[in-house]
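Engineer: Predicted model, plus sequence, below.
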Amino acid sequence: MGYQIFANPLRGKGLPSEVGMAEGNLETDVTAAAMLYSKCPVNHATPLQEFDELSEQFGVGKLWLKLEESRMGLGSFKALGAAHAIAKLAAIKADINDADAMKSALAGKTFVCASAGNHGLSVAAGAALFGAKAVVLLADTVPEEFAVLLRNKNAEVIRAGANYEESMEASKKLANDHGWSLLSDGSWTGYSDPARDVMEGYLIMAHEVADVISQPPSHVFLQAGVGGLAAACAAGARVRWGQDMKIIVVEPEAAPALMESVRAGKSVDTEGPESSMGRLDCKTPSHLALKYLALEADYFVTLDDEFVENTVTLLETHGISSSPSGAAGVAALHHLESASEFGIDATSHVLCYISEGAV
């Protein structure tokens, strides 16, 4: 069929139990994150654009796209995450208003992470801003272009594992062996605070939209890998617009980690082939993201690669450059024959995130 739609039975209630889950909660007040972001020399709000031709083609009243390609010169929304977590640590060590002190606040510290590409760039950029070092582990499936970009940001790049999950295990071992700081955008039992700080950086996107949008959307489509973007933007949307809108979370058919975890009522690992949605091809959910999405998402959707690649081609004809990972949310709106299940019609006002540029 090419897709699945799963109505969330936990909406408004959350997971039946948090036993065995990572501890902690997301701070949905964006004030602190926005203050740190304002100190970044390349901070700016990314564009929110309305696309009338696509609205007509998709049969909706309005379509807004939040375009993240230009975020901090790093090409994706991930620039907001790890860099925020690192800046938060630097602000503990030095006066945030003393630019010189901040530049060396984390001297001698090494951050290590596993990445499908963009998270590693944020770790590398954030570490460099505050005098730290970055080591980024890439699975064999990650394009070499990302390795080049990471080295250009002075990160040490190590190839480790056949997939993201294996590179993550290798990064945990390196952190333990060398006393480095593991900075993951996912969370699990015994590991939550760094991932929480990453997600709180992502909140900035949702609040930038809410600050300029002409009216609240009726539907929000959010693509997900481990779930950090989706959880942060869902939480931000609920804070700013309330409970009436429908939030739809989109995953690769090959990696339905959030859908299957919500179906099971607990975190589960999934299996599947490699997806062209490489940054979303994560078989295990972040615990913190799962907790928030179980509570706030109305639907979970999986799409096969062909659907999303077709949407990437369509977007190019409208001057929008993205990847299958970045365009997955729009692809769900574009292709779902049963979109009426979401209550989408010609009066709907839909928000999607183009989370990265073409890769």
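Structural biologist: Perfect, I can see it now.

Engineer: got the phi/psi numbers for residue 116?
Structural biologist: Backbone torsions for residue 116, taken as degrees, to the nearest 10, come to phi -90, psi 0.

Engineer: mind checking how far the closest residue to residue 151 other than its chain neighbours is from residue 141?
Structural biologist: Among residues not flanking residue 151 along the chain, residue 157 sits closest, at 5.8 Å (C-beta to C-beta, 6 or more residues apart in numbering). Every residue, glycine included, has its C-beta placed from N, CA and C. As judged by C-beta to C-beta, to the nearest Å, residue 157 and residue 141 stand 14 Å apart.

Engineer: And residue 224, by the same measure?
Structural biologist: 18 Å.

Engineer: higher neighbour count, the two?
Structural biologist: residue 224 (32 against 15; other C-beta atoms under 10 Å).

Engineer: mind checking how far that one is from residue 346?
Structural biologist: Distance of residue 224 to residue 346, computed by C-beta to C-beta: 28 Å.

Engineer: what about the helix or strand hosting the residue nearest to residue 151, distance to the chain center?
Structural biologist: Element membership for residue 157 (DSSP states H and E) is strand 156-159. Relative to its parent chain, strand 156-159 has a centroid offset of 22 Å by C-alpha atoms, centre = their mean, to the nearest Å.

Engineer: Sheet partners, orientation included, of that strand?
Structural biologist: Strand 156-159 pairs in its sheet with strand 133-138 (parallel), by DSSP bridges.

Engineer: May I see the buried residues of the helix or strand following the partner strand?
Structural biologist: Counting by DSSP H and E, the next helix or strand C-terminal to strand 133-138 is helix 144-152. Of all the residues in helix 144-152, those buried under the rule 16 or more other C-beta atoms under 10 Å are 146, 147, 149, 150.

Engineer: Mind giving me the packing neighbours of helix 144-152?
Structural biologist: Under the contact criterion of 3 or more C-beta pairs under 8 Å, 6 or more residues apart in numbering; DSSP states H and E, helix 144-152 touches helix 118-129, strand 133-138, strand 156-159.

Engineer: Next secondary structure element downstream of the last one?
Structural biologist: If I follow you right, that is strand 156-159. Remark: after strand 156-159, the chain's next helix or strand is helix 164-178, criterion DSSP H and E.

Engineer: Show me the contact partners of that next one.
Structural biologist: The contact list for helix 164-178 (C-beta atoms under 8 Å, 6 or more residues apart in numbering) reads 110, 112-116, 135, 137-139, 141, 158, 160-161, 180-182, 184, 186, 281-284.
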